[in-house]
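Asks: Build me a structure from this.
(chains A, B, C and D)
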Amino acid sequence: MRRLLSRLATSPQGIMLATGIVLAVLFSVANPVFLSAPNIVDLLRNAIVTGIFAIGVLIVLASGGIDVSFTAIGAFALYATTKLLIVSGIHPPMLAIFAIGIAIGVALGFVNGLLIGLLGLPTLIVTLATLSLFRGALLTFVGTLYYGTIPAEMVAYSRQPLLAFHLASGRVVQLPLAFGNFVLVAGFAALILGSTMFGRKIYALGGSEEAAARIGIDVRRVKLAIFMLVGGIAGLAGVTHVTLMRIANPFDLVGSELNVIAAVVLGGARITGGHGTVSGTIIGVLVITMINSSLLLIGVPTYWQRLVVGGLILFGTGLPIAIERFNLHRARLRAAAGPTVTVQAPV
Amino acid sequence: MRGIFKSYGPARVLQDVDFLLGPGEVRCLAGENGSGKSTLIKILSGVVAADSGTVSLFGRPVAGTDPAGVIAAGLSVIYQDFSLFPNLTVGENITFLRAAAHRDRLVHRLRRRRLAAETLDRIGVKLDLDEPVETLPVAAKQLVAIARALANDARIVVMDEPTTALTRNEVDNLLRLVAALKQEGVSFVFVSHKIEEVFTVCDTVTVIRDGKVAASGAASDFTPAALVTAMTGRDIASQRLPRDATAPGRPFLSARGLTRIGEYRDVDLDLHAGEIVSIVGLLGSGRTELALSLFGDTRPDGGTLVLDGRPLSFGSVRDAMAVGIAYVPEDRLSEGLFLDQSINDNITVSSLGRDSRLGWLNVAAGARRAKAAVERLRIRLQTVAAPVVQLSGGNQQRVVLARWMEREPRLIILNSPTVGVDVGSKRDIHELLVALRAKGTAVLVVTDDIGEALAISDRILVMAGGRITASLAGDCATEHEIAARVAKDAA
Amino acid sequence: MTIKHKVFAVGLALALAGGGAAVTQAQTKKYTITTVVKIAGVAWFNRMEQGVALFAKDTGQNATQVGPASADAALQNQIVEDLIAKKVDAITVVPNSPESMEPVLKKALDSKIVVVGHEGSNLENVTYDVEAFDNAAFGAHLMDNLAKAMGEEGEYAVFVGHLTAKTHNQWVDAAIARQKDKYPKMKLVADKQESLEDQQVAYTKTKELLQAHPNLKGIQGSASTDVAGAALAVEDAGLGSQVNVVGTSLPSIAGPYITSGTIKAISFWDPAKAAYVVDKVAVMALEGKKVEDGMNFGQEGYEKVTLKGHVITGQAWVDCTKDNLSTFNF
Amino acid sequence: MQREDSTRSYLVALFGLMVLVFAGIGLGNPSFVSGASLSSMAFQFPEFGLLALAILPTMLSGGIDLSVVSIANLTSIVAALLLKSGHEGLALPLALGAGAACGVLNGVLIGYLRLPAILATLGTMQVIGGLGIVVTGGPAVTGLPDWYAATVNAAPGGIPVPLTVFAVVLVALGVLLRFSSTGVQARLYGANPIAARFAGIPERRLIMTIYVASGIISALAGLVILGHANSAYADYGTSYVLLVVLINILAGVNPAGGSGTVSGVLLAVLLLQFISSGLNFLSFSAFLRDLFFGLLLVIVMSLRVLGGQFRLAAWLARRSA
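Replies: Numbers count the residues shown, from 1 in each chain, chains lettered A, B, ... in the order given. So this is what the prediction gives:
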């Protein structure tokens, strides 16, 4: 048990959690409002879309790849879905609307998957190209028009709170139902990654593609599946974004990809693949969201905000690396203290 | 397997190889490094396809590449590099193969743990199931790889040099285990070049040399000497190269009490100009770690290094190079070469300064030097502009050597210099070392190949458990004596 | 240009020099006039394109509009370079960063291309610049709207699209000056907020403002999506009746929140009308005519423009509230 | 030493594609093939061409520098402030110094603290960009002495000054990468950092040199931008970041490191400029540009793999070895 605790404390997500807590304490000293219920609920709400995207990025990073096209997929899904509903005038239930967005995402993810899985192209090249391609196709062929009024089902959904309470000041604090999407996606991913062979194959690929091929894992098929899954998650994130903002703007989302990747890496996933957990990712997302949406609260002047965000990202990236180096050093010392292998009597 | 042919580009790796294995049989696949054993195993396990010939498992033909099918049919391979997933835990690595072979969809955590624990029990090993494999010592990794194969209920287990990283105790356990499983009808392909093991465990032997079956038959039909002759194609004694009679002078480099916690400790070492010294030890004995410290790549925690009578400490590889030390790393492909880059660049990389003035290269002079080196070392190639990946293993190793020859080192450390190198090249490399000795270079060879150490060394140091446990004169030591010391657990 | 056209053009020029007596609508000279906007495809510039199209239809001129795929000054410069090479007759431009465009616009002028700016009153290398209104006056007007909504007292905050965006900063600076001058009971909290022209950011920042300043009563936006983001945040917090949002936007963006009452008023100028006037000025310049103080351009808000240097300023701002929302279709 | 691999054939193919695109657009609008249009393009591409060259050595060594645009903007701000305040003699050296200092920052983070390049430069992109905002307070810095813009925008002998700068940097970088030990080491380090360590390549110093070089080239881009825009603006050219990475990949630079040439970058820059200007000439939507860039990259890379001569052969050979 103590071993487990110490492992947790020195694990990347443990470190990030500690960093997050330190930041939270500093922030709340700067402004006690930071720890108030409404602010925390706001923080959770602001983390929804980044969080859903981040889960997708985690899956790709765990498999040893990198994805930068997910925001373009999200934007495509958000806009194409809304436009489809508005132009056709149909009124499907919200579940079906999400399904449409996911389907669009899966289809675009399939394009990524084909290029990466079947042709064996490097993930960075492919997703960089498709980022440009998907966005260009969306704005050229689907449209650029801003929809300020979205279908009634979406509005109704966006008004439903998961959690709501009134403050004495008359303020309403509510967590939108869409937070459930984040929770579901995170839970789903945790299940896939932790408890299915597909999930373990993802990590196996990230650990050693060669070894995976040797034990008969169909590397191409797993990669194809990964990018379709991640496309679907990005599609869901896109539609969720519509319901949160109550607009459909095809220019949204694209441009935030590096921020999301930073969040996932902060949460302990390694850019070199094979590592990363859902819990760590959630922590990373919360920390990035906290950094991005608390500067005003703690009184950082607007002009300094970009600088501070950049500095905090560097800090958050550097810390786990320093800790890993420390861990390696410690592992060497521990190996010296006593062998971990003990051989008992033979069979 | 019948009539197997396999070529990679112009290189013929396997020619007309037949390989048969009956139930409950333990067959040794013997052969020197580079003889084609590994390729044969890859074909057997469905990772690569043979150019021609047939492979059938349990009476059913195996077509093309289908590693999953082969595993599901009941064949497990323990690769030399283990092929484990470094990021996953011990428990998971052990059970992964079985789960994949059974086409499981879900992970049955408890069942997995129990299976992993049982399998480890079977081979009498205690390991923390939750430890990630990447933090394990090499020997433990090997045990995990063995456990993984057993967990899959394999009916055929292929073991590619399974004992290189194990202590004597562990080897004994393993051999006993093989014997026990044999009783249950499990067949083994036991790849090894350790004569002693072959006779302990194997029923039958197939010897491969230069891609062809050199000999095949019951183990009892062979004598150790006959086996060695079959493997090498000549009498091993003749391989001993002439010693240098002159007594060495003052040591070039001395270590006293050199220690790096967790890797090696209390190492005393003297390397003289004009002397070839071998360090013989198993994987994980600290031999590579010691070599890395002597090359300045890692810093010792304690002890002193004396060079030419003056104490010094290396801050980096550059410092060691500056005083004339060269290092040929263990894994040529990942540590030694820039595979996609030209032969020319691979040769000149460490001596770029020679052809440059104020940082600007004299490209023509560099190319001339590279060409000269190629001729001197008899590297067979079409053009020095070709990427080095196109060369054979032996030629690749010569490229690495050529790189260091350019610097005219005073001490050259070679870590496993002839692994994966054909017999001819091996001989050439050995002769090159002798030539270097004649020029007054100090040569340190780090190896687990006792025959190699005996063939070339003036002095042989045995390393085990992080310590130098014996120092023997090269011409007095016998293979048996060294093998016994090497395998002795220092702890 | 064919010889025939050239002859005609010379004749036209002579006629103009002769006192510009009788230039009829039936002129056959067609000019290529290209409008370069900050970014293609967004609501604001889609509306502007309607004005360009209308102008082309009304006058028969070859007037079109282009814009880069993202609001980057560098990309706009590239487009203008290409237009110069393409030898268009006139370039009208809504610059992302007016300063960054000066050299390339100078090059256009040097190549005898007429340049008319919009939203760039300090542009130097232009034939004319058309402003829908005086930016300072507009900023003050926004403050008047905000003050009215807030009952002339309480805390308020302001948004700009980018800290680097010139006009937004002019409006906001003028608004703050107006408040200090006329509404002493109002108080600005925090710095200018930067929304990055992103509705999501405006939303997040507003939520933060509400946390940091619970007594906040007013928000003024600059980018067209600022007010929508802010209003959504206010409504989500259940403060629709307490916090008042005003700013620059379009009815199509702010509509739902004007209806719900969170946004009390938006002010804007009709980009279509502005584009129409801009193109008209371009044609005048091409024809060698001079714009004069007090001229009437026949578009609402530009009936009596003022001319200062080469800056033509109208009084074209429009207020949109619950009452007149239904009269706008863009 | 010229390597014998598919690099040359790829460059030839890229050149062919470029000619094809040029001819195609020329057919669509003949005025595209005019002196005016060529001169217009010659004023456009040096800006992002320089930024693409700035990233090249970092990608060659297996890293990346996302902060080049931020460095360029900060540099132009530094130069602008100095020019404006009358320290005209200091402007250029200090601006280049600022670029180099940003490079040092990246070099320390990547070489010494061992942060992954993509994350380190993502952070410095924000930090350096944020510094620009802090220094200027937002709005563009204007009021430069007239001679500066006049010099940068001049075209003596019909050759625009930015083009000359681009050409000089291109050739210098090309020579540096091929004929200096640092250049060869950068490529080899990118090919295999572990082997590089054992071959005695001075890792940290090398990485530092690479990122400082990248910073200085970015600074030159900043100085060109400053003249081109006659003002310094903290948010200029934000769309260039992904564009220049795209250019390098289209140029045949391996994002994992080890291969890439300046001639490839030149061809990719020209190709993208032709497409971009071509779309403007043919009055197509600006969004088609993104579409084409992405499509082009996908097609080129797929053909390269399907053609089988590039990675596949080497990869298979390596597996069998």
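Asks: residues in the stretch 51-200 of chain D within reach of chain C, list them.
Replies: Residues of the stretch 51-200 of chain D lying close to chain C (Cβ under 8 Å from any Cβ of the partner chain) are D:133, D:136, D:137, D:138, D:139, D:140, D:142, D:149, D:153. In short, each C-beta sits where N, CA and C put it, glycine included.
Asks: pretty sure the first one is touching residue C:164, no?
Replies: Yes - between residue D:133 and residue C:164 there is a contact under Cβ atoms under 8 Å: 7.4 Å.
Asks: Could you tell me which residues touch both of these two?
Replies: With contacts defined as Cβ atoms under 8 Å, 6 or more residues apart in numbering or on different chains, the residues shared by residue D:133 and residue C:164 are residue D:234.
Asks: For the closest residue to residue C:263 other than its chain neighbours, give me its contacts.
Replies: In space, residue C:263 comes closest to residue C:257 once its chain neighbours are excluded; the distance is 4.2 Å by Cβ to Cβ, 6 or more residues apart in numbering or on different chains. Counting by Cβ under 8 Å, 6+ apart, residue C:257 touches C:227, C:228, C:231, C:232, C:235, C:245, C:263.
Asks: Show me the two of those that sit farthest apart.
Replies: Based on Cβ to Cβ, the longest span within the contacts of residue C:257 runs between C:227 and C:235 and measures 12.0 Å.
Asks: okay, these two: which has more neighbours?
Replies: With neighbours defined as other Cβ atoms under 10 Å in any protein chain shown, residue C:227 and residue C:235 compare such that residue C:227 has more, 32 against 20.
Asks: ok, and for the helix or strand containing residue B:229, which residues are buried?
Replies: Following DSSP states H and E, one finds residue B:229 within helix B:224-232. Residues of helix B:224-232 classed as buried by neighbour count (16 or more other Cβ atoms under 10 Å in any protein chain shown): B:227, B:228, B:229, B:230, B:231, B:232.
Asks: And the residue of the stretch 1-150 of chain B that's closest to chain A?
Replies: residue B:68 (2.8 Å; Cβ to the nearest Cβ).
Asks: so that residue touches residue A:213, yeah?
Replies: No - the pair residue B:68 and residue A:213 does not pass the contact test of Cβ under 8 Å, sitting 9.9 Å apart.
Asks: Chain A contacts on the stretch 101-250 of chain D?
Replies: Counting by Cβ under 8 Å from any Cβ, the residues of the stretch 101-250 of chain D lying close to chain A are D:109, D:113-116, D:118-120, D:122-131, D:133-134, D:137-138, D:242, D:245-246, D:249.
Asks: try it again with 6 Å
Replies: Counting by Cβ under 6 Å from any Cβ of the partner chain, the residues of the stretch 101-250 of chain D close to chain A are D:113, D:115-116, D:119, D:122-123, D:126-127, D:129-131, D:133-134, D:249.
Asks: Of those residues, which is the nearest to residue D:93?
Replies: residue D:131 (19.2 Å).
Asks: Could you measure from the closest one over to residue D:67?
Replies: For residue D:131, the distance to residue D:67 under the criterion Cβ to Cβ, to the nearest Å works out to 11 Å.
Asks: Let me know whether my guess that residue B:259 is in a strand holds.
Replies: Yes - Residue B:259 sits within a strand when classified using DSSP: H, G, I helix; E, B strand; the rest coil.
Asks: sorry, back to before: mind putting the contacts of residue C:257 in JSON lines, secondary structure and pLDDT included?
Replies: Below are the contacts of residue C:257 laid out as JSON lines (DSSP: H, G, I helix; E, B strand; the rest coil; pLDDT from 0 to 100):
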{"residue": "C:227", "secondary structure": "helix", "pLDDT": "94"}
{"residue": "C:228", "secondary structure": "helix", "pLDDT": "93"}
{"residue": "C:231", "secondary structure": "helix", "pLDDT": "94"}
{"residue": "C:232", "secondary structure": "helix", "pLDDT": "93"}
{"residue": "C:235", "secondary structure": "helix", "pLDDT": "91"}
{"residue": "C:245", "secondary structure": "strand", "pLDDT": "94"}
{"residue": "C:263", "secondary structure": "strand", "pLDDT": "93"}
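Asks: can I get these in CSV with distance to residue B:399?
Replies: As requested, those are arranged in CSV below (distance: Cβ to Cβ, whole Å):
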residue, distance to residue B:399
C:227, 68
C:228, 66
C:231, 69
C:232, 66
C:235, 71
C:245, 71
C:263, 73
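Asks: Please see if the helix or strand containing residue A:191 touches chain B.
Replies: Element membership for residue A:191, per DSSP H and E: helix A:179-195. Yes - contact of helix A:179-195 with chain B is found when judged by Cβ under 6 Å from any Cβ, involving residue A:195.
Asks: Can you point out the buried residues in that helix?
Replies: Within helix A:179-195, judged by 16+ other Cβ under 10 Å, the buried ones are A:179, A:181, A:182, A:185, A:186, A:189, A:190, A:192, A:193.
Asks: Which of those residues lies at the shortest distance from residue B:481?
Replies: For the buried residues of helix A:179-195, the closest approach to residue B:481 (Cβ to Cβ) belongs to residue A:193, at 52.9 Å.
Asks: nearest spatial neighbour of residue D:219, skipping sequence neighbours?
Replies: Leaving aside its chain neighbours, residue D:219 sits nearest to residue D:99 (2.5 Å; criterion: Cβ to Cβ, 6+ apart).
Asks: Can you tell me how far the one you found is from residue D:92?
Replies: Counting by Cβ to Cβ, the gap between residue D:99 and residue D:92 amounts to 11 Å.
Asks: can you check residue C:151 too?
Replies: Residue C:151 is 56 Å from residue D:92, where distance means Cβ to Cβ.
Asks: ok, the two, which is more surrounded?
Replies: For residue C:151 against residue D:92, the residue with the higher neighbour count under other Cβ under 10 Å is residue D:92, and the figures read 16 against 12.
Asks: need the strands for chain D, in chain order.
Replies: Remark: no strands are assigned in chain D by DSSP state E.
Asks: measure the residue sitting nearest the centre point of it to residue D:58 for me?
Replies: When Cα atoms, centre = their mean is applied to chain D, the residue found nearest the centroid is residue D:52 (1.1 Å). In this structure, residue D:52 and residue D:58 are separated by 11 Å, where distance is defined by Cβ to Cβ.
Asks: got a pLDDT number for residue D:275?
Replies: In this prediction, residue D:275 carries a pLDDT score of 90.
Asks: Next, the residue with the largest distance to the centre of chain B: phi, psi?
Replies: In chain B, the residue that sits farthest from the middle, by Cα atoms, centre = their mean, is residue B:358; the gap is 40.7 Å. Residue B:358 adopts backbone torsions of phi 50, psi 40, taken as degrees, to the nearest 10.
Asks: Might you report the residue contacts of it?
Replies: With contacts defined as Cβ atoms under 6 Å, 6 or more residues apart in numbering or on different chains, residue B:358 is in contact with no residue.
Asks: if we can go back for a sec, mind checking which of the contacts of residue C:257 are buried?
Replies: When neighbours are counted using 16+ other Cβ under 10 Å, those contain these buried positions: C:227, C:228, C:231, C:232, C:235, C:245, C:263.
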